[in-house]
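Enquirer: The following block contains a protein sequence and its predicted model.
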Amino acid sequence: MSTGRDRAQNWADWIELRRLLFEEELEESRKQKEGTQAPKLAPEDVSELLPDAIVHSSKQDTKLSKALAPIIEDSLDTSIKRDPQKIVDAIFPVIGPAIRKSIAETLKAMIQTINAALEHGFSSRSLKWRVEAMRTGKPFAEVALSHSLLFRVEQVFLIHRESGLLLQHVALDAVDVHDSDMISGMLTAIQDFVHDSFNREEGGSLETLQVGELSVWVEQGPRAILAGVIRGNAPQSVRSVFKETLETIHLEQREELEAYTGDSAPFRRSQPLMRSCLEVQTDEGGRKSSFRLWIMLGVLLAVLGAWWGVPALQSRWRWDDFINRVKAEPGIVVTSVAREDGKYVVSGLRDPLAANPDTIRARAQLDSAEIVYRWKPYQSLEREFVLARAKLLLNPPETVSLSLEDGVLIAKGWASHEWIMGAQRLVRVVSGVTRLQDDELVLHNLQGLIERIERQVFLFELGQSQILSVQEANLDDVARSITELDGKAQALGRKMYVEVIGQTDEVGSEEANMRISRGRAERVLSALIARGVATRNISATGIGSEGYTLAERQDRGGAYNRRVTFKVTLSSAKEGGADR
């Protein structure tokens with residue numbers, strides 16, 4: 001009979017035997033049991049299973065969507081409150097097209113309504129537009145709208161929003177482009193001024209700026225600003241083009257915009273997009289209209305012409321011709337033409353020396369009572385007016401001629417020393433004249449001496465160079481005149497020079513004639529020096545028979561060609577150039 005002690009030992013042996021036989025199976029079972037009760041999956045395993053699990057769950061029912069909706073809504077709400085700009089940046093490239101599509105549908109319906117309202121309207125323009133609408137298949141309102149808007153997008157600027165620096169700039173070829181970087185900086189400064197001065201809420205910005213005849217349309221983006229300079233009245237469709245261009249630039253160059261540090265080279269590839277914004281819409285009045293339309297208009301004008309149309313058109317043509325003639329007149333600048341109290345008011349600038357516009361008005365057969373002039377005086381810098389003002393102010397003598405070249409007033413002829421000194425002072429106040437050039441101006445009180453010297457002629461016997469005794473007295477007169485001229489010229493800051501020229505008749509060889517003519521000139525030169533003429537101011541030269549003339553030979557037997565004459569030149573002492 002076994003005891004309890006034996007049974008305990010047997011059970012222990014059984015447990016040990018089971019452990020030895022099934023140890024591996026028991027361990028695996030234990031691990032599976034623990035994994036079922038407390039599963040532990042690695043993140044890598046979850047990332048592989050989660051997408052398939054979500055897809056599978058969405059196909060089964062909407063429990064997952066309902067479970068995630070509050071979480072996503074709360075996350076989105078928290079993100080918007082914390083930094084709304086991130087959401088704006090994210091949806092910017094897609095929200096614009098969606099809005100424009102909605103607006104386009106609304107405008108389409110509006111155009112249809114307008115077309116129905118204008119269906120019964122009648123005028124010469126509407127008739128022409130209706131013909132075009134039928135020919136092109138477009139709605140009548142759309143054709144009328146296209147003819148009512150004339151504009152030109154001249155320049156487009158792409159500006160970095162955060163720094164205000166210019167990224168790229170494009171312009172029409174015919175447009176005079178100034179400093180694009182300066183314009184970009186000014187636009188940024190104006191926008192900051194508007195934002196700071198008028199307490200605009202966050203996100204508010206400048207959209208339109210009017211500068212005389214030009215309008216500046218500004219489109220804002222998260223990272224960049226697109227600004228277009230427009231002349232005329234542009235439709236809102238142009239702004240849509242600006243928006244689409246800016247959205248495309250953000251979409252294609254988002255990384256470059258975020259990493260911008262001052263290098264604008266990466267944005268050159270945006271120029272084709274920006275050039276698509278350069279748009280020109282002109283008047284289509286030159287297009288050929290329907291032949292029938294012109295017949296109808298001709299008949300209508302013929303009926304109204306005898307009554308009112310032709311006189312009115314003639315008056316209008318005369319007025320337009322008058323204004324064009326006034327604008328073309330030198331010295332007149334027409335700044336505006338307006339209609340006030342039943343009268344035409346012509347305003348502008350007029351040089352006092354310009355033609356009288358009333359004379360042009362009389363030739364145009366216009367009533368003076370219907371025109372009021374409002375001229376402001378100014379001085380035109382056109383050559384004819386500058387020269388006329390100089391003549392009025394300087395009042396030159398009849399012996400002086402004035403001309404103008406590149407702002408230099410050139411005086412030629414001869415005048416008194418007092419007039420020359422006064423002209424040098426007064427010319428400084430003549431607008432358009434930089435200086436007076438009087439190098440070719442001979443002083444009046446020297447002219448008589450110069451002419452007296454140059455009138456002297458010394459004749460010689462055939463083949464001889466001796467001075468005739470009857471001309472000795474003439475040598476004394478020439479010497480006194482040269483000495484007097486030299487002294488007066490030096491006192492006036494001038495330099496005088498006399499050339500003694502010897503000549504022969506045609507008889508003899510050229511070599512002999514040159515020797516004889518030079519000998520005659522040197523003989524007269526020596527006689528003058530002996531009478532006190534300074535050698536620095538005089539020289540002798542022979543020209544042979546170069547000055548010979550057949551008529552003088554026939555009249556005088558060639559004696560007049562055997563002579564010595566004088567040539568006087570006068571120059572500025574500091575320049576040394578000849579005046580004559």
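Expert: In hand now; what should we look at?
Enquirer: Would you state the helices of the stretch 151-300 of the chain in chain order?
Expert: 180-197, 236-252, 254-258, 271-275, 291-304 (DSSP state H, counting those that start in this stretch).
Enquirer: Can you tell me which of these has the worst average pLDDT?
Expert: Among these, helix 291-304 carries the lowest mean pLDDT, a mean of 64.
Enquirer: after it, next one along is what?
Expert: helix 310-328 (DSSP states H and E).
Enquirer: same question for stretch 493-501, mean pLDDT?
Expert: What stretch 493-501 shows for mean pLDDT is 87.
Enquirer: Identify the residues contacting it?
Expert: By Cβ atoms under 8 Å, 6 or more residues apart in numbering, the list of residues contacting stretch 493-501 from outside reads 443, 446, 453, 482, 485-486, 489-490, 521-522, 524-525, 528, 533, 537-543, 547, 564-574, 576, 578. No exception for glycine: its C-beta is placed from N, CA and C like everyone else's.
Enquirer: From these, keep the buried residues only.
Expert: Buried members of the contacts of stretch 493-501, scored by 16 or more other Cβ atoms under 10 Å, are 443, 446, 453, 482, 485-486, 489, 521-522, 524-525, 528, 533, 537-538, 540, 542-543, 547, 564-566, 568, 570-571.
Enquirer: Quick check: Arg18 is in a helix.
Expert: Yes - assessed with DSSP: H, G, I helix; E, B strand; the rest coil, Arg18 lies in a helix.
Enquirer: Now do the contacts for the nearest residue to Val429 once chain neighbours are set aside.
Expert: Residue nearest to Val429 in three dimensions, not counting chain neighbours: Leu393, with 7.4 Å by Cβ to Cβ, 6 or more residues apart in numbering. Leu393 makes contact with 426-427, 429-430 under the criterion Cβ under 8 Å, 6+ apart.
Enquirer: Tell me which entries of those lie within helices.
Expert: Using DSSP state H, Leu426 are the members of the contacts of Leu393 that sit in helices.
Enquirer: Can you say which of the contacts of Leu393 are buried?
Expert: Buried among those by 16+ other Cβ under 10 Å: 427, 430.
Enquirer: out of the contacts of Leu393, who's nearest Pro235?
Expert: Val430 (52.6 Å; Cβ to Cβ).
Enquirer: and the nearest residue to that closest one once chain neighbours are set aside, what does it touch?
Expert: Nearest residue to Val430, sequence neighbours excluded (Cβ to Cβ, 6+ apart): Ala390, at 5.0 Å. Under the criterion of Cβ under 8 Å, 6+ apart, the contact list for Ala390 reads 402, 404, 409, 427, 430, 433.
Enquirer: got it, and Thr504?
Expert: Thr504 neighbours (Cβ under 8 Å, 6+ apart): 513, 516-517, 520, 544-545, 548, 561-562.
Enquirer: Reformat the contacts of Leu393 as JSON lines; add pLDDT and distance to Pro235.
Expert: Formatted as JSON lines, the contacts of Leu393 follow (pLDDT from 0 to 100; distance: Cβ to Cβ, whole Å):
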{"residue": "Leu426", "pLDDT": "85", "distance to Pro235": "60"}
{"residue": "Val427", "pLDDT": "83", "distance to Pro235": "57"}
{"residue": "Val429", "pLDDT": "83", "distance to Pro235": "54"}
{"residue": "Val430", "pLDDT": "84", "distance to Pro235": "53"}
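Enquirer: Please identify which of the contacts of Leu393 is nearest to Arg275.
Expert: Nearest member of those to Arg275, counting by Cβ to Cβ, is Val430, at 49.1 Å.
Enquirer: quick one: contacts for the closest one?
Expert: Taking Cβ under 8 Å, 6+ apart as the test, what Val430 contacts is 386, 389-390, 393, 409.
Enquirer: For Gln155, see how far away the residue nearest the centre of the chain is.
Expert: Geometric centre of the chain, nearest residue: Asp176, 3.0 Å, by Cα atoms, centre = their mean. Noted for Asp176: a distance of 10 Å to Gln155, by Cβ to Cβ, to the nearest Å.
Enquirer: swap in Arg254?
Expert: Arg254 is 25 Å from Gln155, by Cβ to Cβ.
Enquirer: Name the residue in the two with the higher neighbour count.
Expert: Gln155 (23 against 15; other Cβ atoms under 10 Å).
Enquirer: Span of stretch 407-425 from start to end?
Expert: Start to finish, the residues bounding stretch 407-425 are 16 Å apart (Cα to Cα, to the nearest Å).
Enquirer: What about the contacts of stretch 493-501, which are in helices?
Expert: Among these, the members falling in helices (DSSP H) are 446, 453, 482, 485-486, 489-490, 521-522, 524-525, 528.
Enquirer: residue ranges with poor pLDDT in the stretch 101-250 of the chain?
Expert: Across the stretch 101-250 of the chain, the ranges flagged by pLDDT under 70 are 101-126, 140-150, 174, 178-180, 184-185, 192-205.
Enquirer: quick one, strands of it?
Expert: Using DSSP state E, counting those that start in this stretch, the strands assigned to the stretch 101-250 of the chain run over residues 151-160, 166-171, 208-211, 214-220, 224-232.
Enquirer: So in that sheet, which strands flank the second one, and in what orientation?
Expert: Strand 166-171 has these partner strands in its sheet, going by DSSP bridges: strand 151-160 (antiparallel).
Enquirer: and if you look at the last one?
Expert: Pairing partners of strand 224-232, with direction, according to DSSP bridges: strand 151-160 (antiparallel), strand 214-220 (antiparallel).
Enquirer: follow-up on the earlier one: just checking, which of the contacts of Val430 belong to helices?
Expert: 386, 389-390, 393.
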